[in-house]
Each structure stands twice: as structure tokens, then as C-alpha cells.
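Novice: could you work out the structure for the sequence below:
(one chain, ligands or ions: 1)
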Amino acid sequence: MVHSLLQAVVTYVSLLWFVRVIDAMPDPAQRQLLMRQEASRQTGGRVTLTPAEQRIDAYLHQLKEQEMRAAPFPPAVHFFKAKHLIEKSSIFKLLQKMPKGAALHIHKSTLVSVDWLVTNATYRPNCYICFTWDNSVRFFFSDRQPFPRWDCFYWQLLETLRAKIGDPTGFDKSLMQHLTLFTEDPEGEYPNQDIVWEKFEKAFIAAAGLITHTPVLRDYFYRGLEELQHDNIMYLELRSGLSKTYELDGTIHDKAWTLNIFQEVIKKFKADHPDFLGARIIISVNRALGVSEVKDAVKEAIQLQKNFPDVVAGFDMVGREDSGRTLWYFREALSLPADLGVTLPYFFHAGETDDEGTDVDQNILDALLFNTTRIGHGYALAHHPLAKEISRKRNVAVELCPISNQVLKLVSDLRNHPAAVLMSEGHPLVISSDDPSMFGTTGLSYDFYEAFVGIGGLKTNLGTLKELAANSIKYSSLPAHLKETGLALWQKQWDAFISSNQ
Ligand SMILES: [Zn+2]
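Specialist: Numbers count the residues shown, from 1 in each chain. I've put the predicted structure just below:
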């Protein structure tokens, strides 16, 4: 009551002040003050920079002015065409060196670059390939000729096929094309959301036979952590459906086995790289499933989290929101943990849509009603004032994945991304890359570039970057003591980054 009275008085006084200023030439000092006040609200707006940080900030500002004047301006261009421009940018080179904290929104099947998948995984012995009727591929490792499976009747040993083909480099390139969306002509190949999602889903299926082979999964995951570490990222939360893995002789392992593999690889990677904080898994299921299947998945996730408390962070529903089922449709399944009196943290994808007012658009509020810990994408959040307020008050961070939103055709010019609103208000935000191998990226630097230069424009500064990086630890699923360790480790890396760039 006292608070709202005070607020009313403040509003009245400010109104009076505005009435006064429109009568005369605005006072430049007041104008400056308002500009500073507004800037202080943005992400990183209240971060105090040290003199050394201020020097880098001034340099970044100057670079940004130059890049914004240049044509074409990379964030205004489709990422597939802007990638080589971004790679030449001095801002990007600095972002690559910057300790970025954690990657909190990446899917397992797209963690590792397709170059590695093709040049490493498909060159292993006993790798079979099959070309499907709908112009896709399947891979399968087997110690004997595989039986028909996955729409495939004719499996060929890749080693034999490669020996017959005169141009192995060209052939490998064509294999890579099946595993990524990356292309020179994105507008021509992907004229609408349906077509780009169709190719996207096909590529996931194509990669599955490689990644679910146990020895490949082990190396794949290790390689994924290496790619992140190389981009100065120290922690990962990976969405994974925990597909069953298989051996050469056809033995199939269950989900607990897959979690064991993750656990072992994380342990080994941390031992090899003491500056790496670790990784956790967000178990995800596809929103195309039915309620009873999702109920089973939720029950299973509860059990797996109990058995692997250090590795399993929680649960999510994945797949295209616009054509999939809504969170509300699954309300019975998603209420199960509460009904059973147990906790299963949710990390829902929600609001990855530009269809305002639809049932899908409602996922944003429903994610919050189901007490989500973070919101994946939250592209629609800026249009939901109440949901935005709740998310802010409860510190439910939005996982912003700019390149994904552009490639999957929610926005074309990233300067128009609705997260510009969230950023200018200092909404809890983290930056992530969603499906790096699909978009031809590794790590987070490309997405940081788009967020910092395109979405943030000239307003955002080194304070913004610092807060975004720190946010990634702060809003992670790590327990409080590990967040503290993580933040201290990140601060150490940050200080070294600042002093090495003077
Ligand atoms: Zn995602």
C-alpha cells in the first residue's frame, strides 16, 4: 500500500516535470540524466567497469560504430551469408577470446560440428549407409549386413562405397549437407518455416544412427565439450532425449547406460581440463508424443534424476512448437511430480513462435504456471506483459538463441528481434546457440555477436557482455555452492581476459 502510494507520488512528480519541460527548450542536463537512467535499466546497465574494462569498452564501441556503418551489416543478413563477414569482425575475435560462462541451451544431436561427424565418425569401420526415398540418409554400425530398418532396405558399407566413388571430398561434402541446414542459398532453399523445419527434422534423424552408436557417443560428447572449451565456455546444460545406444553386435543399452556414459565423459573431460566446470543433462521428449507417453517420460525422468542427481538437471518438451502439442495439452503429465510430491525442475521451450494469440503462444504463460526454471527461446515473451513480469520477478531467465530464431525464420533482420525489448529492460537473459551444428556454428561467440551487435545495437557495452556471461552461471541449474565456485572461476578467467587485451 505504502509502496503503491509512493509510486503514485513519483509518477505525479515526474509528470509535472514533463509538463514543465515541454513548455520550453528541454534542459540538456536533464536530458543527459534521463538517458543515463534509461541506459542503467538495460542488461549490464548497473555494472561498474574498472578503468581497464572501460578501455576495452571504448574500443568495442568504436568498432561497433564502424561495423554498423558498413554495408552489409551482418546482423541484418541471414547468418549463412553473414558468417564469413562475422568471422572477419574484430568484435567477434574479441568475443571468441571472452570467457562466456555457460551454454545453457544446446541439443545433443547438434552439439558437434558436422565436419567431425563425417570425417571422423563415418570413417570408422563397420559404418553402413542407406539413402532413403525422400532424399535423406541413415547410418548404422554393424558387424554384419544390417537388416532393413528406418525406411531402409539397401545398406552399403561406406568404406566400399567410398572406394568406388572417384571424388571422396565431394561425397563427404554431400554427406555433410544431409546433417546441417547450412547452405549458400538459405532464402532459395528455405522459403518458409515448414520447409526449413522439414529439413531440420530430417537432419536430426540422419545423425541419429551415428550418435547413438556407443563408442561414437563417447567421443562425440567429449569432442562437443572440447569445441565449447575452445570457445571459452566452462559449463554446459545439454538437452537430450537419452536415446538408447547400440553396439556393433546389436546389443542395445537403456537410458541409464547413456547417462553413465555422459557421467564418465564429463569426469574424464574435467580431469583433462581442470578449468572446466562440468555439464548436466536436461531430459527432453518430443511434443509430438501423446499424454500417456509423456506421463511415462516424466516418471522415468523423476527416477533418473533420483539415480543421477549430479547429471540430470530436469525435464523439457522439444520439437517444433507451432506444429506440436501445447504444454497445456500435457497438463496431466506435467503435474505428475507435484501430484507425487517430488521435484522435477522444468526448462521449457516456450514461445518459439510469431503466431500471437494462438494456443502455442500461450505456452509462455503455461511454462511459468508449471514453474519452469528457465524459458527456452521465449521469443514471444515481449508480447506478454504479465508473463514477462512473472518471469522477471521469479528470476526465470530467457535463453536467447538469436541465430536459431533467424534460421528458423521467426525474424530476418536481427535488429528487429523482440529480445531487444528484454535487453533494454534488463530482463534475466542468457545467450545460447540451440543447434550449433545445424547452423554452422560452434560455441557461443556467433550468437553473442548477433545479440551484442545486432539486437543490442550501440547501446549495449562491455557491462552487458559481462552480465550475460555471469548470468549463465547464475541461472544455471547448479547447486548454490557450485554456482559460487563457477562464478569465482569465471571471474578469474574474465580478469585474465581483460588484462591480456590492454
Ligand atoms: Zn532448442
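Novice: could you use CA atoms for every contact and neighbour count after this?
Specialist: OK.
Novice: now for the helix or strand where Tyr220 lies, which elements pack on it?
Specialist: Assigned by DSSP states H and E, Tyr220 belongs to helix 214-230. If you count contacts as 3 or more C-alpha pairs under 8 Å, 6 or more residues apart in numbering; DSSP states H and E, helix 214-230 packs onto helix 193-211, helix 255-272.
Novice: swap the cut-off to 7 Å and go again
Specialist: In terms of contacts (3 or more C-alpha pairs under 7 Å, 6 or more residues apart in numbering; DSSP states H and E), helix 214-230 is packed against helix 255-272.
Novice: contacts for the helix it packs on next, please.
Specialist: Helix 255-272 has contacts (C-alpha atoms under 7 Å, 6 or more residues apart in numbering) with 218, 222, 242-245, 276, 278-279, 311.
Novice: tell me the one among the residues you listed nearest to Gln493.
Specialist: Nearest to Gln493, judged by C-alpha to C-alpha, of the contacts of helix 255-272 is Phe276 at 11.2 Å.
Novice: per-residue pLDDT, the closest one?
Specialist: Looking at Phe276, its pLDDT is 96.
Novice: cool, the one 5 residues further on as well?
Specialist: Reading off the confidence values, Ile281 has pLDDT 98.
Novice: over to Val114?
Specialist: At Val114, pLDDT is 97.
Novice: the one 3 residues further on now?
Specialist: In the prediction, the pLDDT value recorded for Leu117 is 97.
Novice: how close does it sit to Ala103?
Specialist: Noted for Leu117: a distance of 21 Å to Ala103, by C-alpha to C-alpha, to the nearest Å.
Novice: ok, now Lys306?
Specialist: Lys306 is 24 Å from Ala103, by C-alpha to C-alpha.
Novice: burial of Arg149, as a residue count?
Specialist: Arg149 sits with 12 neighbouring residues when counted by other C-alpha atoms under 10 Å.
Novice: what's opposite it in the beta bridge?
Specialist: Beta-bridge pairing for Arg149 (DSSP bridges): Cys152.
Novice: Ser284 too?
Specialist: Bridge pairing for Ser284 - DSSP bridges - gives Asp316.
Novice: render the CA-only coordinates of the helix holding Tyr220 in PDB, please.
Specialist: Presented in PDB, the C-alpha positions along helix 214-230 are these (Å, rounded to 0.1, in the frame of the first residue of the first chain):
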ATOM      1  CA  THR A 214      28.100 -46.300 -28.100                       C
ATOM      2  CA  PRO A 215      31.800 -45.700 -29.000                       C
ATOM      3  CA  VAL A 216      30.800 -42.800 -31.200                       C
ATOM      4  CA  LEU A 217      28.600 -41.200 -28.500                       C
ATOM      5  CA  ARG A 218      31.500 -41.300 -26.000                       C
ATOM      6  CA  ASP A 219      33.900 -39.500 -28.400                       C
ATOM      7  CA  TYR A 220      31.200 -37.200 -29.800                       C
ATOM      8  CA  PHE A 221      30.300 -35.900 -26.400                       C
ATOM      9  CA  TYR A 222      34.000 -35.400 -25.500                       C
ATOM     10  CA  ARG A 223      34.500 -33.600 -28.800                       C
ATOM     11  CA  GLY A 224      31.500 -31.400 -28.000                       C
ATOM     12  CA  LEU A 225      32.900 -30.300 -24.700                       C
ATOM     13  CA  GLU A 226      36.200 -29.600 -26.500                       C
ATOM     14  CA  GLU A 227      34.500 -27.400 -29.000                       C
ATOM     15  CA  LEU A 228      32.900 -25.400 -26.200                       C
ATOM     16  CA  GLN A 229      36.100 -25.200 -24.200                       C
ATOM     17  CA  HIS A 230      37.800 -23.900 -27.300                       C
END
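Novice: what mean pLDDT does it get?
Specialist: Taken as a whole, helix 214-230 has an average pLDDT of 98.
Novice: with stretch 59-79 instead?
Specialist: Stretch 59-79 shows a mean pLDDT of 95.
Novice: please enumerate the strands of the stretch 401-502 of the chain.
Specialist: Using DSSP state E, counting those that start in this stretch, the strands assigned to the stretch 401-502 of the chain run over residues 429-431.
Novice: what about the helices in it?
Specialist: 402-407, 419-424, 436-439, 445-449, 462-474, 480-500 (DSSP state H, counting those that start in this stretch).
Novice: out of those, nearest to Leu34?
Specialist: helix 419-424 (14.1 Å).
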